[in-house]
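# 3D, please:
(chains A, B and C)
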Amino acid sequence: MLAATLSLTLLGALLGLLLGIAGRFFAVEVNPLNAEIEALMPGTNCGQCGFPGCAGAVSAIIEGAAPPTCCPPGGKAVATAVAAKLGLALDLSDVADKGPQIAVVTEEICIGCCRCLKVCPTDAIVGAAKQIHNVLREACTGCEACVDRCPTEALTMHPVPVTLQHWVWPKPVFA
Amino acid sequence: MGFMERFIGKVGSHWGVHPSDHKRPAADAPVRKMPMPARLYVPLLQHIGAAARPIVLVGQKVAKGQAIAEPQGMVSATIHAPTSGTVSAIGEIVAPHPSGLPMLAITIDADGEDRWIAPDAPGALPSCADPFALDPMEIGKRVAKAGVVGMGGAAFPSAVKLTGSLRAKISTLIVNGGECEPYLSCDDRLMRDRAADIVDGIRIALHATGAKEALVGIEDNKPEAIAAMQKAAAGIPAVTVRPVPARYPMGSEKQLILVLTGREVPAMGRPSDIGILVHNVGTLVAIRAAIRFGQPLISRLVTLNGGAMRAPGNLEVPIGALADAVIAFANGLKEEPARLLMGGPMMGMQLPDARVPIVKGTSGILALTAAEAAERQPEPCIRCGSCVKACPVGLLPLEMSRRIASADYDGAVDFGLKDCVACGCCAYICPARIPLVQYFNHAKGELSARERTKLRAEATKKLVVARAERIEREAREKAEAAARRKAERDAAKKAAAEAAAANPQPTTEEAES
Amino acid sequence: MSEIRQIYAGDLIASPHAHGGGSVGLTMRRVMFALTPATLFGLWLYGWPAINLFLITIASCLLFELLSQRLMGQRPTLGDGSALLTGWLLALTMPPWAPWWTGVVGGFIAIVVGKQVFGGLGQNLFNPAMVARVALLVSFPVVMTQWVAPQPLTAAASPSFVEGMRITLTSPAVPDAIASASLLGHAKTEMSRGIDLVHAFAAPTAPATSSVGMRTGSLGEGAALLLLAGGLYLLFAGVIGWQTPLAVLAGIALPAAIAHSVDPAHYLGVADHLLSGAAILGAFYIATDYVTSPNTAIGQLLFGLGVGLFTWIIRTWGGYPEGMAFAVLLMNALTPVIDRYVKPRILGRRRDGRELEPVQS
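Numbering: from 1, shown residues only, chains lettered A, B, ... in the order given. Sure, this is the predicted structure:
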């Protein structure tokens, strides 16, 4: 009986030692994920998340200070991609996925004050002093930075219109 | 082929399905020509590629066959007026698409004269007595100007195919007379009635592509068409008529090539990669009309069929006629159809409404009764594997749909989603009635949307960087301008001080003392 | 001008708009049709207790399916026939005079543990009937190996309806005159006692080994030839492919033939193997279960071979006389692996998935 106890104890100790050594030598290094995650973000540094730019948001998510759902313009798509990359749990319940949106100028109300085009991160607004402004659809990312700047509330967010070329069959739903 | 392939070949290839034909009596009724409707709605996008751009204005008078929209980019096609009249609008109409979304179209009010464009008018297509004396590149150019696209349903611009084939060396032209979809018979009627014209078109295409031989594949459920084509091709050694077994999707070009030549088109590739070019019989008739007579593509044969159609048959219809006008000319509907389709039942599109125009790729309008249309109450997948046996490409639809249901699109791609031709064999045979093709179309759409989002994000990042550079540049220029002004001011001050030193003026103090 | 209208997802119907006409229920009914002759024979062979057990097993499967679907908040789908078929197959593998609670426990394990817990129809990894049978065999070995000699319904010695009820509900000790060993069971016990097969079957205590079915065994064992006929019907109706049944039978027959020719005294012959136990039942009805077998023809060949081989190995060298249930479960575990590596070749690609090279002729 003594022989059995001794041999099993020795075996356990030996295997434990091996595991410890393996844990030290084969440890996986944490890759610098920041650049990879940043590539998934919209990249406009709009600040709606409250962090200094997209890089700031990425650092916060990796540290755990912010959930993957912290990017409003990214919506569900960005949140899912970031969570998948980092292996984080995802709670999509309060992500208001309005879908991709673009800003539209109501031309009758625009007074040409130029306040909005100064803050657009992609220079999507064209205009000049005392001239009616307009938003270039392809350049607008929906960050909403311009909406608050407009003194006459001429800027509103609208969903990107679906065209025949971009229409997608919906996934079948079973009753 | 390896030992494994030979063994599998012996075990039997089950690809495809055998739906009931439903082609007769529509196929046996003689073709009727629809009189020109009062108004035609000609869409700007009737082909694969970029939409055409209008070159006429509202209120302009146009002649029959006059070009009204020009191609945009490499893969595009010209659009012509199907009749003479006045352009009454260029705007949005309901697209012949299940989504019911709008698309741009040119509306022409017919003036009743149906007057062809004068042969010497600018932009009119020249006719040609001897197409075989023309240079192949010239044939390609004229086919492009005639707006000919694939008439089998895919509507790929034929000129792009022809000129592309001159670069790749084509050895075999395959003429697609398969028409494997049930209910449709427009190609059947074309082969029965105009076999000589088709063979003429084949010979022109052989000359235009440099191919040595042409194989005409016709399904064996069309014996009259086979006989007519054989008679027309007798005495022309380059053209051989080869009946093929009637099995859906035999008319799919990859399957037809496999059955007629035993060769496979590489995945993600085109038939020209293996020296083969495939053209539908209707396309060849259109090519012939364009080259011999200078006639652009402005009308086509359309099959009207289905249990709810009162007088099933084939009609020659001008492009842009509304489907409900065509149905009305064909004596209308017997009952309210359970489903209205454009195309065949396997790959055809559900129409949102009958007031949509006939386009260059419309092979048929089907009004199916409830008994004919498949009702769908999907049950869970029982993994029976019928879809695996039926798939002509060798995919695993049950695995792909399972991945797509849990939004694992990359997993679906691993199982071959990109090779799916959306033929519908899997959903046809599935005992659980799962809408497999909808899953695959959804996934393909999501993957395209993802690609577009990625491209958009890259472009956005470039814009953000460009803006930062602009701001920095403006600040730099401002600083330089300020420095320059300061330097000028200093220089001016210095000059004034020097001038004052050289020319002393009495100061007020001295003047007072 | 037509007004522009948005179609909502409810109205959208994707192609194809034609259908081949099959359904899940139709497939299940075809299998039941194929099983009917053998089942009727088995019920006649063993009398009222067998009929009671058969009905109780099926009823319990249906009941548990209804309960679990209700509990999960799903619409009950008893009409598709899958629970009924599971109960039917399970009953055919049970000892004919087993007590009522084996049917109920078996039904519970088959439906709840073997199927619903995985997610319902189409999601289970293991064959539900075999899961139940193995669980019962391992948990209640005495009851599950209590075989009786055939007591045809029409013979005088067969229990009456009331007697049959008593046997099923109270499970009295089986009189020696009726108790018997199955062929495989007898072979195993005699070999473990050191008596070789030749003597074992020559002895007066050897069980009947009739090939037309008048033999001791489970409900579905006796009618091997009727099961074969049903299986051939399924083959011609296109419900099953030929790959799995042929591979299972080959997997049993080939090693049996080799071993028997080398040493007939210690290894049973091919006919004994194929006509005993659940060989035919397993080959045509159990191993061919869609959900738990591979998707491709080659995969099914490998699967069937594995089932056959494992069955022969367990029968010959394992602790149990009958190995089909264990073999099926073992191969079910390997099905995802087979499916991962055995895929059809995609048209236009090589076997490894790369595109074919363009070739100008």
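# quick one, what contacts the residue in the stretch 51-200 of chain C positioned nearest to chain A?
Nearest to chain A, among the residues of the stretch 51-200 of chain C, is residue C:75, at 8.0 Å (C-beta to the nearest C-beta). Bear in mind the C-beta positions are built from the backbone N, C-alpha and C, glycine included. With contact taken as C-beta atoms under 8 Å, 6 or more residues apart in numbering or on different chains, residue C:75 is in contact with residue C:69.
# From residue B:401, how far off is it?
Note on residue C:75: its distance to residue B:401, by C-beta to C-beta, to the nearest Å, is 21 Å.
# Could you check how far the nearest residue to residue C:229 once chain neighbours are set aside is from residue C:232?
Using C-beta to C-beta, 6 or more residues apart in numbering or on different chains and skipping residues adjacent in sequence, the residue nearest residue C:229 is residue C:37, 6.8 Å away. According to C-beta to C-beta, residue C:37 and residue C:232 sit 12 Å apart.
# what does residue A:168 give?
47 Å.
# got it, and residue B:252?
35 Å.
# The two: who's more crowded?
residue B:252 (22 against 14; other C-beta atoms under 10 Å in any protein chain shown).
# Which helix or strand contains the closest residue to chain A within the stretch 401-513 of chain B?
Using C-beta to the nearest C-beta, the single residue of the stretch 401-513 of chain B nearest to chain A is residue B:445, 3.1 Å away. Residue B:445 is part of helix B:436-502, with elements assigned from DSSP states H and E.
# Show me what that helix is packed up against.
Packed against helix B:436-502 by the contact rule (3 or more C-beta pairs under 8 Å, 6 or more residues apart in numbering or on different chains; DSSP states H and E) you find helix B:397-405, helix B:409-414, helix B:425-429.
# can you pull the contacts of the residue of the stretch 401-513 of chain B closest to chain A?
With C-beta under 8 Å, 6+ apart, residue B:445 has these contacts: A:167-169.
# filter the residues you listed down to the ones near chain C?
Filtering those for proximity to chain C (criterion: C-beta under 8 Å from any C-beta of the partner chain) leaves residue A:169.
# Now do the strands in the stretch 51-200 of chain C.
Secondary structure of the stretch 51-200 of chain C by DSSP state E, counting those that start in this stretch: the strands cover C:147-148, C:179-180.
# quick one: contacts of the first one?
Applying C-beta under 8 Å, 6+ apart, the set of residues contacting strand C:147-148 from outside is C:46, C:95-97, C:174, C:178-182, C:185, C:216-217.
# what lines up beside it in the sheet?
strand C:179-180 (antiparallel) (DSSP bridges).
# shaky segments in chain C?
C:1-10, C:174, C:176-178, C:204-214, C:222, C:360-361 (pLDDT under 70).
# hang on, the earlier thing: can you tell me which of the contacts of residue B:445 lies closest to residue B:299?
residue A:167 (28.8 Å; C-beta to C-beta).
# That closest one belongs to a helix?
No: with DSSP: H, G, I helix; E, B strand; the rest coil as the criterion, residue A:167 is coil rather than part of a helix.
# residue boundaries of the strands in chain A?
Secondary structure of chain A (DSSP state E): strands at A:101-105, A:125-126, A:134-135, A:155-159.
# list the helices and strands the second one packs on?
Other elements packing on strand A:125-126 under the criterion 3+ C-beta pairs under 8 Å, 6+ apart are helix A:115-119, strand A:134-135.
# how about a markdown table for those, with mean pLDDT, mean neighbour count and distance to chain C added?
A markdown table is the format used below for the helices and strands packed on strand A:125-126 (pLDDT from 0 to 100; neighbours: other C-beta atoms under 10 Å in any protein chain shown; distance: least, C-beta to the nearest C-beta, whole Å):
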| stretch | mean pLDDT | mean neighbour count | distance to chain C |
| --- | --- | --- | --- |
| helix A:115-119 | 87 | 17 | 31 |
| strand A:134-135 | 91 | 18 | 24 |
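# In stretch B:130-145, which residues are buried?
B:131, B:134, B:136, B:139-140, B:142-145 (16 or more other C-beta atoms under 10 Å in any protein chain shown).
# Which one, of the strands of the stretch 51-200 of chain C, ends up nearest to residue C:250?
Per C-beta to C-beta, nearest to residue C:250 of those: strand C:147-148, 27.7 Å.
# Next, give phi and psi for residue 123.
If you meant another chain, say so; for now it's chain A. With angles defined as degrees, to the nearest 10, residue A:123 sits at phi 50, psi 40.
# Chain C is the one I meant
Dihedral angles for residue C:123 - degrees, to the nearest 10 - are phi -110, psi -10.
# repeat for residue B:241
Per degrees, to the nearest 10, the backbone of residue B:241 is at phi -100, psi 130.
# which regions of the stretch 51-200 of chain B lie under the pLDDT threshold?
In the stretch 51-200 of chain B (pLDDT under 70), no residue qualifies.
# can you list the residues of it near chain A?
So the stretch 51-200 of chain B meets chain A at B:95, B:97, B:99, B:101-103 (C-beta under 8 Å from any C-beta).
# again, only this time at 6 Å
B:95, B:99, B:101, B:103 (C-beta under 6 Å from any C-beta of the partner chain).
# Looking at the stretch 151-300 of chain C, which residue is nearest chain A?
Closest point on the stretch 151-300 of chain C to chain A, by C-beta to the nearest C-beta, is residue C:291, at 18.0 Å.
# Now for that residue, how many residues are close by?
22.
# That one: what's its closest spatial neighbour, skipping adjacent residues?
residue B:383 (4.9 Å).
# Check residue B:335 too.
Per C-beta to C-beta, 6+ apart, closest to residue B:335 is residue B:308, 5.1 Å.
# Give me the neighbour count for the one you found.
23.
# How about residue C:256?
23.
# Could you pick out the residues of chain A near chain C for me?
residue A:170.
# Tell me how chain A divides into domains.
Using automatic domain parsing, the domains assigned to chain A come out as A:34-86, A:98-161.
# Verify the contact between residue B:243 and residue B:222 for me.
No: the criterion here is C-beta atoms under 6 Å, and residue B:243 misses it with residue B:222 at 8.6 Å.
# which of those two has more neighbours?
More crowded of residue B:243 and residue B:222, by other C-beta under 10 Å: residue B:222, with 25 against 18.
# Tally up the residues packed near the residue lying closest to the more buried one once chain neighbours are set aside, please.
Leaving out its chain neighbours, the residue that sits closest to residue B:222 by C-beta to C-beta, 6+ apart is residue B:188, at 5.0 Å. The number of residues packed near residue B:188 is 27, by other C-beta under 10 Å.
# and if you look at residue B:276?
25.
# Which residues are in contact with it?
Contact partners of residue B:276, counting by C-beta atoms under 6 Å, 6 or more residues apart in numbering or on different chains, are B:172, B:174, B:257.
# shaky segments in chain A?
If you take pLDDT under 70 as the line, chain A has these spans: A:28-32, A:43-44, A:46-48, A:50, A:75-76, A:92-99, A:175.
# Identify the residue of it closest to chain B, quick one.
residue A:168 (3.1 Å).
# That residue - nearest residue in space that isn't next to it in sequence?
Using C-beta to C-beta, 6+ apart, the closest residue to residue A:168 is residue B:445 (3.1 Å).
# Okay, that neighbour and residue A:170: tell me how far apart.
9 Å.
# One more: residue B:342?
The value you get for residue B:342 to residue A:170, if C-beta to C-beta is used, is 20 Å.
# neighbour count winner among these two?
Counted by other C-beta under 10 Å, residue B:342 and residue A:170 do not tie: residue B:342 has more neighbours, with 23 against 15.
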